[in-house]
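Asks: what's the 3D shape of this:
(4 chains)
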2 protein chains.
Amino acid sequence: MKELTPTGRVILGMLSMGRNTGYDIKQFVDKSTRHFWAASYGQIYPELRRLEEQGLVQSRSEPSGGRARTVFELTDLGREALREWLETTGDPLWELRCETMLKLFFSDAADPRYRIEQLRTFREQQERKLEQLRELEEPARTGSHNGPYLSLQLGLALVGSMVDWCREMEHQLVENDGSV
Amino acid sequence: MKELTPTGRVILGMLSMGRNTGYDIKQFVDKSTRHFWAASYGQIYPELRRLEEQGLVQSRSEPSGGRARTVFELTDLGREALREWLETTGDPLWELRCETMLKLFFSDAADPRYRIEQLRTFREQQERKLEQLRELEEPARTGSHNGPYLSLQLGLALVGSMVDWCREMEHQLVENDGSV
DNA sequence: AGGTGCATGTAACAGGTTACATGATTAA
DNA sequence: TTAATCATGTAACCTGTTACATGCACCT
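Replies: Next up is the predicted model:
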């Protein structure tokens, strides 16, 4: 069996949770996994076709009124591929790209007061993210699946710790050089 | 002035810290920023040429023995571009791609005991990362720049909180369903 | 003589985003 | 009537990795 592509895995997962059109998948990604795994139409639609070629999903046309609509569902093979991926425990992908850390790293090449500036901007950004995550908490807690809630809690811990660290560090930096 | 590319910024920063060949930059990235910002030869060498075209860096050939070697340094324009980027405070790039969160998210489609399995694998991975970061702590603390130490602390806080969260969650999961 | 490190580079590939085009349905 | 939403799709672009090729220098 061919290895699943990253987006392929998201799609199979989303199908397993009852999302069944390309549009629907994208919408749902945008209000759930987007915080740790995004996807765009440019990936989703072609990938759905590829998955069908591989026999992992099955499409059928199901227009709503005169509006074209293609509904997908997992095949047995697809369900199997998803399960296999979920049950594999081998060095999972973990990628972080954080411009703030990079700026901090190079911050000796600029006026030191910009450190606080960067930290503040970053903290505010992460606080907004935290809020967005918190809005997902209630629906995730009461939903029919447990997975989303669990992954949300990990996200919350991660973002929360960064916000806390920033607050502390901003405090220290202000004390140390008295600048705003 | 044209906007810097992501790798262009890393290069300018590294040059400002005294790294002066493509090779040297790559080596240093690999033992410092790689945890939150990677770079490969395939990006670095072409980008150095592009930066020179834009007048941000200046190269000179400086062979060591019969071994070809091109040394780069920042021009005034390059220093200015770097400073400008460092002093800009606008919605910094922050991207996380975490396969474990994705697997947890979809974990209802597999046997629940794999949740603990995924968590454990992830924690071990992050513990290794934590160790690598800790090895960088001493040199960063005693080095001539403050930036690297600061960014390292943020990384440490982030990875540390995830490890803690995993431990706690693994504990809870084991209690709740008694498996493994 | 052979392995490791220094040093430069590129071609092929992978993965993903953005912007655009199209058009029906529904709620205001 | 018009804006938002549902719905599908693609082409151009960007960014980055991997694998490979090359060759000198230095240490054992």
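Asks: what are the ranges of the helices in chain A?
Replies: A:6-16, A:22-30, A:41-53, A:76-87, A:99-105, A:113-142, A:147-177 (DSSP state H).
Asks: Please point out which parts of stretch A:91-99 sit buried.
Replies: A:92, A:94, A:96, A:98-99 (16 or more other Cβ atoms under 10 Å in any protein chain shown). (Glycine included, C-beta is placed from N, CA and C.)
Asks: Take the residues you listed and keep only those in strands.
Replies: If you go by DSSP state E, these have A:94, A:96, A:98 in strands.
Asks: overlap between these and the residues near DNA strand D?
Replies: Among those, no residue is within reach of DNA strand D (Cβ under 7 Å from any atom of the strand).
Asks: Closest to DNA strand C out of those residues?
Replies: residue A:94 (13.2 Å; Cβ to the nearest atom of the strand).
Asks: out of the helices of chain A, nearest to DNA strand C?
Replies: Checked against Cβ to the nearest atom of the strand, the stretch from the helices of chain A lying closest is helix A:41-53, at 2.6 Å.
Asks: circling back: I'd like the helices of chain A laid out as TSV, including mean pLDDT.
Replies: TSV is the format used below for the helices of chain A (pLDDT from 0 to 100):
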stretch	mean pLDDT
helix A:6-16	98
helix A:22-30	98
helix A:41-53	98
helix A:76-87	97
helix A:99-105	98
helix A:113-142	96
helix A:147-177	95
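Asks: which one of these is the most hemmed in?
Replies: Neighbour counts (mean count of other Cβ atoms under 10 Å in any protein chain shown) averaged over each of the helices of chain A peak at helix A:99-105, with a mean of 25.
Asks: In PDB, could you pull the C-alpha coordinates for that one?
Replies: Presented in PDB, the C-alpha positions along helix A:99-105 are these (Å, rounded to 0.1, in the frame of the first residue of the first chain):
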ATOM      1  CA  GLU A  99       9.700  34.300  13.700                       C
ATOM      2  CA  THR A 100       9.800  35.800  17.200                       C
ATOM      3  CA  MET A 101      12.300  33.300  18.400                       C
ATOM      4  CA  LEU A 102      14.400  34.100  15.400                       C
ATOM      5  CA  LYS A 103      14.200  37.800  16.000                       C
ATOM      6  CA  LEU A 104      15.000  37.300  19.700                       C
ATOM      7  CA  PHE A 105      18.000  35.200  18.600                       C
END
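Asks: Break chain A down into its domains, please.
Replies: A:6-87, A:99-175 (automatic domain parsing).
Asks: Next, format those domains as a markdown table and append distance to residue B:163.
Replies: Shown next, in a markdown table, are the domains of chain A (distance: least, Cβ to Cβ, whole Å):
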| stretch | distance to residue B:163 |
| --- | --- |
| domain A:6-87 | 17 |
| domain A:99-175 | 10 |
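Asks: Which among those is found nearest to DNA strand D?
Replies: The closest of these to DNA strand D is domain A:6-87. By Cβ to the nearest atom of the strand, the value is 3.4 Å.
Asks: That closest one near DNA strand D at all?
Replies: Yes - counting by Cβ under 7 Å from any atom of the strand, DNA strand D is contacted by domain A:6-87 at A:21-24, A:27, A:41-42, A:45-46, A:48-49, A:64, A:67-71.
Asks: How about stretch A:52-69 and DNA strand C, any contact?
Replies: Yes - Stretch A:52-69 is in contact with DNA strand C by Cβ under 7 Å from any atom of the strand, via A:64-67.
Asks: Give me the buried stretch members for that stretch, please.
Replies: In terms of neighbour count (16+ other Cβ under 10 Å), stretch A:52-69 has its buried residues at A:52, A:54, A:56-59.
Asks: Most widely separated two among those residues?
Replies: Spatial extent of those (Cβ to Cβ) is set by the pair A:54 and A:59 at 12.7 Å.
Asks: follow-up on the earlier one: which of the domains of chain A sits closest to residue B:111?
Replies: domain A:6-87 (7.1 Å).
Asks: Give me the distance from the closest one to the chain's centre.
Replies: Chain-centre distance of domain A:6-87: 15 Å, with Cα atoms, centre = their mean, to the nearest Å.
Asks: Compute the first-to-last residue distance for that domain.
Replies: 16 Å (Cα to Cα, to the nearest Å).
Asks: List of residues touching stretch A:95-111?
Replies: For stretch A:95-111, contacts defined as Cβ atoms under 8 Å, 6 or more residues apart in numbering or on different chains pick out A:114-115, A:118-119, A:121-122, B:9-10, B:13, B:16-17, B:32-33, B:35-37, B:79, B:82-83, B:85-87, B:92-98, B:145-148, B:150-151, B:154-155, B:158.
Asks: can we see that at 6 Å?
Replies: Contacting residues not belonging to stretch A:95-111 are listed as A:115, A:118, A:122, B:13, B:16, B:33, B:36-37, B:82-83, B:86-87, B:92-97, B:145, B:147-148, B:150-151, B:154 [Cβ atoms under 6 Å, 6 or more residues apart in numbering or on different chains].
Asks: Could you do stretch A:5-16 as well?
Replies: A:25, A:39, A:43, A:47, A:51, A:74, A:78, A:82, A:85, B:106, B:109.
Asks: Over to stretch A:56-69?
Replies: A:51-52, A:70-73, A:75, A:77-78, A:81.
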